[in-house]
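>>> Generate coordinates for the sequence data below:
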Amino acid sequence: MIILALALVAGASLYSVSAASKKKVDKKTAQPVQLKNGSDSLSYAAGMSITNGLIQFLVGQQGVDTTYMADFVKGFQEVVNAGNDPQKKAYAAGMEIAAQVRDRMLPSMVKDFTDSPDSIVSSLVYRGFADALQKDTTVFKQDAAERFFRERQQIDQAAKEEKLYGPNRDAGEKFLAENAKKEGVVTLRSGLQYKVIEAGNGEIPKKTDKVQVHYEGRLVDGTVFDASRKHGDKPLEFRADQVIKGWTEALTMMPVGSKWQLYIPYNLAYGNRDQGDIKPYSALIFDVELLGIVK
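The predicted structure follows:
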């Protein structure tokens, strides 16, 4: 909103030679500039100065075609000349909010409902928006519309996640069920599984301790998504309670000097969050070597 306001303030003196050659300001309304004193010169220079970078902003962020800069200036002048006219202020605000709904809010809604049982119809979004502001309750009362939208959004989001990531969740659960039967694998009440590769005999960290570890992380299909040695030979340091739940639980059981293989269900990992290579509802495998506790 602040950027848009600055853009409007700056527009009076904004003009380009290329745009002028295609569409010029009406000579009848473009009065010669008269600078009678130092304040006049300062003010005119200020108007020109604050346009620095504005064209790039209008083109890159607002999608304005510089062929029509005369129309931009005309719109700016209409707002300036309107002063405190409430009718024109309301009209200008409507245009501003319409652009935000069309360019920001609507695309976000469309994306949210993509791959769900429902979809967003832009013309009806605009109609519902306008009817609400004019107190038209023929179809919905305001609170009923908000409640209906929230409920349908939750239902559709669950259906979308099931469609996109249900197979991923099922693959993780199947892996953990079969892995639990393997020799040396311990399954805890939380669902975390681990296997001791090397048994250490050092101190066991508390949740608030900063630990030093080397690790490698894999998906259940064997894909490596991260490893500490990708970031250098030095072990990584972090507090034991500032990582995913499965790690915290394991680290507060491991003696320093231990190397364990962890098998972490999605609810103790990243849950339904998308972490790039780690898709929602992913079970994870980590080889974790606890090298020390930073005192």
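>>> C-alpha from now on. contacts and neighbour counts both.
OK.
>>> now the helices: where do they sit in the stretch 51-200 of the chain?
54-60, 69-82, 86-100, 106-113, 122-133, 142-179 (DSSP state H, counting those that start in this stretch).
>>> Nearest to Tyr263 among the ones you listed would be which one?
helix 142-179 (7.3 Å; CA to CA).
>>> Could you name the helices and strands sitting against that closest one?
helix 106-113 (3 or more CA pairs under 8 Å, 6 or more residues apart in numbering; DSSP states H and E).
>>> mean confidence score for the helix it packs on?
For helix 106-113, mean pLDDT rounds to 94.
>>> that older thread, to Lys210, which of the helices of the stretch 51-200 of the chain lies closest?
Between Lys210 and the helices of the stretch 51-200 of the chain, the tightest spacing by CA to CA is seen for helix 142-179, at 29.2 Å.
>>> Buried residues, that closest one. List them.
Using 16 or more other CA atoms under 10 Å as the test for burial, helix 142-179 gives 153, 156-157, 159-160, 165, 168-169, 171-173, 175-176, 179.
>>> one step back: as a markdown table, the helices of the stretch 51-200 of the chain with distance to Ser282 would be great.
Shown next, in a markdown table, are these (distance: least, CA to CA, whole Å):
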| stretch | distance to Ser282 |
| --- | --- |
| helix 54-60 | 37 |
| helix 69-82 | 50 |
| helix 86-100 | 36 |
| helix 106-113 | 21 |
| helix 122-133 | 34 |
| helix 142-179 | 6 |
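>>> Relative to Val288, which of these is closest?
helix 142-179 (17.7 Å).
>>> Run the angle between the closest one and helix 106-113 for me.
For helix 142-179 against helix 106-113, the angle by axes from the mean of the first three to the mean of the last three CA atoms, to 10 degrees is 40 degrees.
>>> Sketch out the low-pLDDT regions of the stretch 151-295 of the chain for me.
For the stretch 151-295 of the chain, no stretch has pLDDT under 70.
>>> cutoff 90 now
Regions of the stretch 151-295 of the chain meeting the criterion pLDDT under 90 cover residues 230-233, 295.
>>> Do you have the strands of it handy? List them.
Listed in chain order, the strands of the stretch 151-295 of the chain (DSSP state E, counting those that start in this stretch) span 186-187, 193-198, 210-219, 224-227, 236-239, 259-264, 284-294.
>>> Tabulate those strands (TSV), appending mean neighbour count.
Formatted as TSV, the strands of the stretch 151-295 of the chain follow (neighbours: other CA atoms under 10 Å):
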stretch	mean neighbour count
strand 186-187	16
strand 193-198	17
strand 210-219	19
strand 224-227	14
strand 236-239	16
strand 259-264	24
strand 284-294	21
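>>> Save these as TSV, and put in distance to Glu146 too.
Formatted as TSV, the strands of the stretch 151-295 of the chain follow (distance: least, CA to CA, whole Å):
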stretch	distance to Glu146
strand 186-187	44
strand 193-198	43
strand 210-219	39
strand 224-227	40
strand 236-239	42
strand 259-264	38
strand 284-294	38
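>>> The residue nearest to Leu290 when sequence neighbours are not counted: what's it in contact with?
Of all residues not flanking Leu290 in the chain, Val213 sits nearest, at 4.7 Å (CA to CA, 6 or more residues apart in numbering). Contact partners of Val213, counting by CA atoms under 8 Å, 6 or more residues apart in numbering, are 235-237, 288-292.
>>> now Lys181
Lys181 neighbours (CA under 8 Å, 6+ apart): none.
>>> let's have the chain start at 50 instead
Right, with 50 as the first residue, what we last looked at is Lys230.
>>> measure it to Lys244 for me?
Counting by CA to CA, to the nearest Å, the gap from Lys230 to Lys244 is 12 Å.
>>> Please apply the same query to Val343.
To Lys244, Val343 is 25 Å away according to CA to CA.
>>> re earlier: which one of the buried residues of helix 191-228 is nearest Ser277?
Relative to Ser277, the closest of the buried residues of helix 191-228 is Gly221; by CA to CA it sits at 23.4 Å.
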